[in-house]
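1. Requesting a structural model of the entry that follows:
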Amino acid sequence: MNELEMRQLYAELQPGDRVEVIHHIKIGFREHDTRTVGTVVKKERLEYGERNWDDKYWFDHLLLRKDDGELTSLTMDEYTQLKQLEQE
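-> All right, here's what the predicted structure looks like:
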């Protein structure tokens, strides 16, 4: 899935949708993926940065409830893959 398709999927997500989020992480010469599966509780676009009036950026954020009930917070970036799953 390319970035445009992922952004479209993110825009269409609603609370209650079941998703899988895969983050690709690179630290030094090592790379690995983390996988999180859960139900969307909330999605929002958050603002960050406060040094001066024009030093702000926005990021997409998901709050998921995992199958064991744990809430987890995820930030979407260019290294994130998002997949919508079938409801159980």
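2. With D68 as the reference, measure out to the most centrally placed residue in the chain.
-> Residue closest to the mean C-alpha point of the chain, counted by CA atoms, centre = their mean, is M76 at 3.8 Å. Distance of M76 to D68, computed by CB to CB, to the nearest Å: 22 Å. Quick note: C-beta positions are derived from backbone N, CA and C, even for glycine.
3. re the thing from before, from what I can see the residue nearest to the centre of the chain touches F59, true?
-> Yes - using CB atoms under 8 Å, M76 is in contact with F59, at 7.1 Å.
4. Find the residues that touch each one of those two.
-> Both M76 and F59 lack any common contact, where contact means CB atoms under 8 Å, 6 or more residues apart in numbering.
5. okay, now the closest residue to the residue nearest to the centre of the chain other than its chain neighbours: neighbour count?
-> Computed as CB to CB, 6 or more residues apart in numbering, the closest residue to M76 that is not its neighbour in sequence is D60, at 4.1 Å. Using other CB atoms under 10 Å, D60 has 19 other residues around it.
6. What residues sit buried inside the helix or strand hosting D60?
-> Using DSSP states H and E, D60 sits in strand 57-66. Across strand 57-66, burial judged by 16 or more other CB atoms under 10 Å covers D60, L62, L63, L64, R65.
7. Strands along the chain, start to end?
-> Per DSSP state E, the chain carries strands over the ranges 18-27, 30-48, 57-66, 71-76, 80-85.
8. Quick check: which of these is nearest to L4?
-> Closest to L4 of these is strand 80-85 (CB to CB; 12.2 Å).
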